[in-house]
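My questions are about this predicted structure, shown below with the sequence.
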Protein chains: 2
Amino acid sequence: MKNPVEEISLLLQTDMDAVNTIILQRMDSHVPLVNQLAGYLIAAGGKRIRPLLTLASTAIHNGDMSRAHLLAACVEFIHTATLLHDDVVDESDERRGQATANEVFGNQASVLVGDFLFSRSFQMMVDDGNLDILRILSDASAIIAQGEVLQLSSANNIETSMDDYMAIIKAKTAALFAAACEVGPVIAGGHTGQAEAMAEYGLNLGIAFQIVDDVLDYSANQKKLGKTVGDDFREGKITAPVLYALEKADAEEQEFWTRVINANQKNDDDLDHAIALMRKHKALEQSMGLAQDYADKALESISIAPDGELKDLLKALIKFTINREY
Amino acid sequence: MKNPVEEISLLLQTDMDAVNTIILQRMDSHVPLVNQLAGYLIAAGGKRIRPLLTLASTAIHNGDMSRAHLLAACVEFIHTATLLHDDVVDESDERRGQATANEVFGNQASVLVGDFLFSRSFQMMVDDGNLDILRILSDASAIIAQGEVLQLSSANNIETSMDDYMAIIKAKTAALFAAACEVGPVIAGGHTGQAEAMAEYGLNLGIAFQIVDDVLDYSANQKKLGKTVGDDFREGKITAPVLYALEKADAEEQEFWTRVINANQKNDDDLDHAIALMRKHKALEQSMGLAQDYADKALESISIAPDGELKDLLKALIKFTINREY
């Protein structure tokens, strides 16, 4: 059985092919190292969920799909640039089961090629030539960058609150989901209410997506996830599972969390103990409950979109986001 | 006696004050670390030559100065973002006599705040709302990023040619000088020839500026330059002085250059010997001659601009670029 991402990809296959062609064309540079690194990223693949959202959101509102192709590629470039810089900042060596670009090409190349992809995405928006869309995507980019800085400040900081966490994931993940969706009705020349509803859908879907990601970092089948379980823990990131476990921690447990969150060095026993505490306090279940709240909001947001197969798939995508194991 | 940068700043003082106000306003973020790092950069100052070029180029063509203020600030943001990422890539610890942001706040914060400033610059361009200007500045950004990658590929590579070097400095430095100048006539609604002439002026000035910078890296009074002499040498960068010394190198000298350019470790004796070889082959004089060629081109490019005090100062700026000692 196909999952909704695969089903939408199949339904919009011609469009997705066009997006991939544009991605290849626009990544091309006269500088060999840019092409090598870009080629590596393309080969690494990924779910391409953000460009799919732009395509689906445009198609559902009967917008001009040739514009959607360009802007979907543009959204993927912003995402890829963010990933490149993220992996440098987190010192990650693996993503989706593959060595990260910074591991293969070095941090310097990752920083600079990220800058290139980001600039290139703005050139593509200028090619499209719609100032509303330029506004949506440049706003999202500034929000993402600030969210990343906020996340950096919150790492290894036991004082990080649930509000801080929500602000971080809204900015670093959900803002681009929202922008990717909002672009569709704007391309289609739909009314403001339609654009707002799609932005809300994307925002809530993105929040749910990130919370589930943060749960999977403690619970996933490592092979399916394609990344090392416990990465967030090792990086001292305060995510929903940690916050729920902290909420119910007794004095001794608080001491444990304070030590491991603030410490740069953690061992495997620490991770096992952290997971045991999360189980004890049902922190993963509570996190999934939080994700479900946003999934419900996403479902409500999309209710005003035109009915049809695509709308059903965008609804199924919400459920898939919650139930995925990777 | 004042230099032309100071004279233009004085002549356009009200405008420069407005630019500085916008820079402060637009750097502001709800994320404390962004503000701390941004505040540090503002305090560090700098010549602000690029925003001055936008102001002068707009004023000389009688353009709307309130738009020039916003776009001059935007140009400075692009430049600052580039510097932040540059210092991370070069592992620099000092700039203009001060510890670099990456030295004080860490590489991670520098990468992410650079991304923020870059995104913010695009938001400001969207606020201005002119697609021609968005095109000019997004093209410049993509060129800069590719130039930086090309420079990274050429470091420690003895095969780097004069053509490679020219391509690097045109992209990493001159493209933003060109864009900063081109914006003026576009704001003023001038004809294409005026915009092209100002872009040419900026490009040639920027090339001359960078060549002189590369000469100063081997010849400057360290205290005035505010950076360590020999940085480029230590980083294995192939610049004009090295290329001219290499051109006339005998077998033994070639062996020396090959060893030191490819080596990660260089000692002070190596730097002294490199400078001695440059003196022997008049490599610094030849580099200055090359810079002068571009200074001459810049002078020619600006000839069609409206006569007046500003034009005279923009001409004096060319001479100052060549004659500066820091």
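Ah, there it is.

In this structure A:Leu84 contacts A:Phe105, no?
No: applying C-beta atoms under 8 Å, one finds A:Leu84 not in contact with A:Phe105, separated by 9.6 Å. Using the backbone N, CA and C atoms, a C-beta is placed for each residue, glycine as well.

Per-residue confidence at the residue of the stretch 151-300 of chain A found nearest chain B, what does it come out as?
Residue nearest to chain B within the stretch 151-300 of chain A: A:Ser153 (4.8 Å; C-beta to the nearest C-beta). On the pLDDT scale, A:Ser153 is placed at 91.

if I look at it, how far off is A:Ala245?
As for A:Ser153, its distance to A:Ala245 is 21 Å (criterion: C-beta to C-beta, to the nearest Å).

what about the two, which has more around it?
With neighbours defined as other C-beta atoms under 10 Å in any protein chain shown, A:Ser153 and A:Ala245 compare such that A:Ala245 has more, 26 against 19.

any idea of the pLDDT on the more buried one?
Looking at A:Ala245, the pLDDT reads 97.

Show me where the stretch 151-300 of chain A has its strands.
Here the stretch 151-300 of chain A has no strands by DSSP state E, counting those that start in this stretch.

Which residues of it lie near chain B?
Listed as neighbours of chain B in the stretch 151-300 of chain A under the rule C-beta under 8 Å from any C-beta of the partner chain: A:152-153.

Show me the strands in the stretch 1-150 of chain A, by range?
So, for the stretch 1-150 of chain A - with DSSP E, counting those that start in this stretch - the strands run A:94-95, A:98-99.

mean confidence score for the first one?
Here strand A:94-95 scores 79 as its mean pLDDT.

who does it pair up with?
Note on strand A:94-95: by DSSP bridges, its sheet partners are strand A:98-99 (antiparallel).

starting at the chain centroid, how far to the strand it pairs with?
How far strand A:98-99 lies from its chain's middle: 18 Å, per C-alpha atoms, centre = their mean, to the nearest Å.

next one: stretch A:159-179
11 Å.

Sort out which residues of it are buried, please.
By neighbour count on 16 or more other C-beta atoms under 10 Å in any protein chain shown, the buried set for stretch A:159-179 is A:160, A:164-179.

Residues of the stretch 1-150 of chain A that sit close to chain B?
Contact residues (C-beta under 8 Å from any C-beta) of the stretch 1-150 of chain A with chain B: A:29-34, A:85, A:88-89, A:107-109, A:111-116, A:118-120, A:122-123, A:125-126, A:129, A:131, A:134-135, A:138-139, A:141-142, A:144-146, A:148-150.

intersection of neighbour lists for A:Leu84 and A:Phe105?
Both A:Leu84 and A:Phe105 are contacted by A:Val113, under the criterion C-beta atoms under 8 Å, 6 or more residues apart in numbering or on different chains.

So the two - more neighbours on which side?
Higher neighbour count among A:Leu84 and A:Phe105: A:Leu84, with 28 against 19, using other C-beta under 10 Å.

coming back round to it: mind giving me the ChimeraX command for buried ones among the residues of the stretch 1-150 of chain A next to chain B?
To isolate the buried members of the residues of the stretch 1-150 of chain A next to chain B in ChimeraX, using 16+ other C-beta under 10 Å:
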select /A:29,31,33,34,85,88,89,107,108,109,111,112,113,114,115,116,118,119,120,122,123,125,126,131,134,135,138,139,141,142,144,145,146,148,149,150
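
May I ask which helix or strand of chain A has the lowest mean pLDDT?
When each helix and strand of chain A is scored by mean pLDDT, DSSP states H and E, helix A:222-225 comes last, with a mean of 58.

Quick check: closest non-adjacent residue to A:Met166.
Excluding the flanking residues, the one nearest A:Met166 by C-beta to C-beta, 6 or more residues apart in numbering or on different chains is A:Ile207, at 7.6 Å.

gap between that neighbour and B:Leu317?
Distance from A:Ile207 to B:Leu317, by C-beta to C-beta: 51 Å.

A:Gln98 - how many residues pack around it?
16.

Which residue, other than its chain neighbours, is closest to it?
A:Ala44 (5.2 Å).

doesn't A:Gly97 make contact with the one you found?
No: with contact defined as C-beta under 8 Å, A:Ala44 does not count as touching A:Gly97 (9.2 Å).

I figured A:Glu200 was touching A:Leu299, is that so?
No: with contact defined as C-beta under 8 Å, A:Glu200 does not reach A:Leu299; the gap is 10.8 Å.

which one of the two has more residues nearby?
A direct count of neighbours by other C-beta under 10 Å for A:Glu200 and A:Leu299 places A:Glu200 higher, at 19 against 16.

so what's that one up against?
Going by C-beta under 8 Å, 6+ apart, A:Glu200 touches A:178, A:297-298, A:301.
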